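Visitor: Let's see this in three dimensions:
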Amino acid sequence: MYFSFKTQPEDFLVKEVLEYPLDWIWDFFYIFFEKRLINTMDVINTICHEYHLKRNHLWICWLKDKDWITQQRISIHKKYLLQCWWENKFLSFMRWIKWITDIIDTWRHSSPLSVWKNKWNIFTITLKKRENLPEPLKDSINTNLINFQKNWIPNIFWYQRFWKWNKNFKKVLKILSWEEKISDNYEQKFKFQTFGSLRFNEYIMRRRENSDLLIDWDIMVNWRNAFWTNISVYSKNKLHHFDYREEKKIHEWSTFREPSEFQRTSDYIKWKRIPTWIVLWTEQLVCKDWTAWRIYDDSIIKESKFLEWGENLLRKIGIFWYRRPLWIIPQELERDWNNWDLFLKFFLPTWCYASSFLTFLLKDIDPKWCESNNLKILRINQL
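Guide: Okay, here's the model as predicted:
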């Protein structure tokens, strides 16, 4: 292996960037904090246990793993903050939690944090030299880094979602085959999301292998993945826009929702819109049933057998569909070689894994390194 990775927490830093200005209206208290060697759920569970809060009393943008330094936010409504003995007591307890290293800032806002409110994550990564990298391989890395600024990378779900040996997905299969009971808790819902996630991986890799980066009747979103205002359908270099809120009303409770009325048409501009596919569950937005690409989508859905479990089971689990962008491009990519150490800095939308970037950068150059760091492309045929 040519590189070592995460030999110390400073080798991997991720920082959340919000997409909206804060209004300072006193409804939700925001804390911007830094942690290392602890995952987000451990922080949340520790706070909930101390103050007898429920998981949904605390709001975050996204889960972050423990193996690096993260700078992220948490928010709490003022009525629950009062239950925690107000700001100073709450902040003192957060500082007490092991591996929270800093409270960077605090402020107030009229609404809570949520997954899609975090616009970007900034990643700062250092790959440290383990053995001398041959000059041709260094050239290949530099070529990849140049290409990644103009070519799409698959927006894969990575091992953090599936856990070691794909335990989460296998657990779901046992529940769906009635070998285990369904329980109403957050952890099990998270595990259930791996079912659609693995099917998504399979779909995106098949499209990549066929060079199907953009297909007629793809459902498109912009870089912010704004499902309320910016959904469109691609056809023949045009975008046909529709109001998703209205579509939800028209197709309420249906397993599949097709766009029924387009409001306007615009030209397709490359790089500004990204095709998507469903992360399988119920009440799903799909393209028109008479399109060729819907036929292919339906074949993947049928192959998954998820409809065989019935609507009641799917609703009882309480997980609903969403569409995930298929491709990503790192933004504002910086690189620097220092004595064969490689320094990288780049922006990714909040719905991406930095693992995607690293794996496709190095999988053909240093495969043993990818294997040792669990940077694998997990697919159905690998179960």
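Visitor: All the strands of the stretch 201-350 of the chain, in order from the start?
Guide: Applying DSSP state E, counting those that start in this stretch to the stretch 201-350 of the chain gives strands spanning 219-222, 231-235, 238-242, 256-257, 264-267, 273-279, 284-285, 322-325, 327-328, 331-338, 341-349.
Visitor: Other residues contacting the third one?
Guide: When contacts are defined by C-beta atoms under 8 Å, 6 or more residues apart in numbering, strand 238-242 is touched by residues 220, 230-234, 259-268, 273. Bear in mind the C-beta positions are built from the backbone N, C-alpha and C, glycine included.
Visitor: Check which helices and strands the longest strand that the chain contains is in contact with.
Guide: Ordering each strand of the chain by length in residues (DSSP state E) puts strand 118-129 first. For strand 118-129, the helices and strands in contact under the criterion 3 or more C-beta pairs under 8 Å, 6 or more residues apart in numbering; DSSP states H and E are strand 3-4, strand 12-18, strand 341-349, helix 354-362.
Visitor: average pLDDT across it?
Guide: Across strand 118-129, pLDDT averages out at 90.
Visitor: chain center to the helix or strand immediately after it in the chain: distance?
Guide: Remark: after strand 118-129, the chain's next helix or strand is helix 135-147, criterion DSSP states H and E. Centroid displacement of helix 135-147 relative to its chain, using C-alpha atoms, centre = their mean, to the nearest Å, is 27 Å.
Visitor: what's the following helix or strand after helix 135-147?
Guide: Assigned by DSSP H and E, the successor of helix 135-147 is strand 153-154.
Visitor: who touches that following strand?
Guide: 204-205, 208, 326-330, 356-357, 360, 377.
Visitor: before we move on, the earlier item: possible to save the strands of the stretch 201-350 of the chain as CSV with mean neighbour count and mean pLDDT?
Guide: Shown next, in CSV, are these (neighbours: other C-beta atoms under 10 Å; pLDDT from 0 to 100):
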stretch, mean neighbour count, mean pLDDT
strand 219-222, 19, 87
strand 231-235, 21, 90
strand 238-242, 17, 90
strand 256-257, 18, 76
strand 264-267, 10, 93
strand 273-279, 22, 87
strand 284-285, 21, 78
strand 322-325, 20, 84
strand 327-328, 20, 90
strand 331-338, 12, 93
strand 341-349, 19, 93
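Visitor: I figured T350 hits V115, correct?
Guide: Yes. With contact defined as C-beta atoms under 8 Å, T350 counts as touching V115 (7.1 Å).
Visitor: Name the residues contacting each of those two.
Guide: With C-beta under 8 Å, 6+ apart, T350 and V115 have common neighbours 61-62.
Visitor: Please identify which of those two sits among more neighbours.
Guide: Set T350 next to V115 and count neighbours by other C-beta atoms under 10 Å: T350 wins out with 19 against 14.
Visitor: Contact partners for the more buried one?
Guide: T350 sits in contact with 16, 61-62, 115-116, 118-121, where contact means C-beta under 8 Å, 6+ apart.
Visitor: Report the buried members of those residues.
Guide: By the neighbour-count criterion of 16 or more other C-beta atoms under 10 Å, the contacts of T350 include these buried positions: 16, 61-62, 116, 118-121.
Visitor: Could you list the low-pLDDT ranges of the stretch 251-383 of the chain?
Guide: 251-254, 281-283, 309-321, 381-383 (pLDDT under 70).
Visitor: and N210, how many neighbours does it have?
Guide: Neighbour tally, N210, other C-beta under 10 Å: 9.
Visitor: Do I have it right that N237 meets D267?
Guide: Yes. Contact criterion C-beta under 8 Å: N237 and D267 qualify, at 7.0 Å.
Visitor: Turn the helices and strands packed on strand 118-129 into CSV, including distance to H49.
Guide: Listed next are the helices and strands packed on strand 118-129 as CSV, based on distance: least, C-beta to C-beta, whole Å:
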stretch, distance to H49
strand 3-4, 36
strand 12-18, 24
strand 341-349, 32
helix 354-362, 30
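Visitor: So for F12, what's the nearest residue that isn't a sequence neighbour?
Guide: The shortest distance from F12 to any non-neighbouring residue, by C-beta to C-beta, 6 or more residues apart in numbering, is to W68 (3.5 Å).
Visitor: Mind giving me the packing neighbours of the lengthiest helix in the chain?
Guide: Across the chain, the longest stretch assigned as helix under DSSP state H is helix 186-209. Other elements packing on helix 186-209 under the criterion 3+ C-beta pairs under 8 Å, 6+ apart are strand 153-154, helix 159-162, helix 167-176, strand 273-279, helix 292-304.
Visitor: Give me the buried positions along that helix.
Guide: 188, 191-205, 207-208.
Visitor: Can you give me every residue that contacts the nearest residue to I125 once chain neighbours are set aside?
Guide: Among residues not flanking I125 along the chain, L344 sits closest, at 4.6 Å (C-beta to C-beta, 6+ apart). Neighbouring residues of L344 by C-beta under 8 Å, 6+ apart: 123-127, 333-335.
Visitor: any chance of the residues you listed in JSON lines, with distance to D297 too?
Guide: JSON lines is the format used below for the contacts of L344 (distance: C-beta to C-beta, whole Å):
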{"residue": "F123", "distance to D297": "32"}
{"residue": "T124", "distance to D297": "38"}
{"residue": "I125", "distance to D297": "35"}
{"residue": "T126", "distance to D297": "40"}
{"residue": "L127", "distance to D297": "38"}
{"residue": "L333", "distance to D297": "32"}
{"residue": "E334", "distance to D297": "38"}
{"residue": "R335", "distance to D297": "37"}
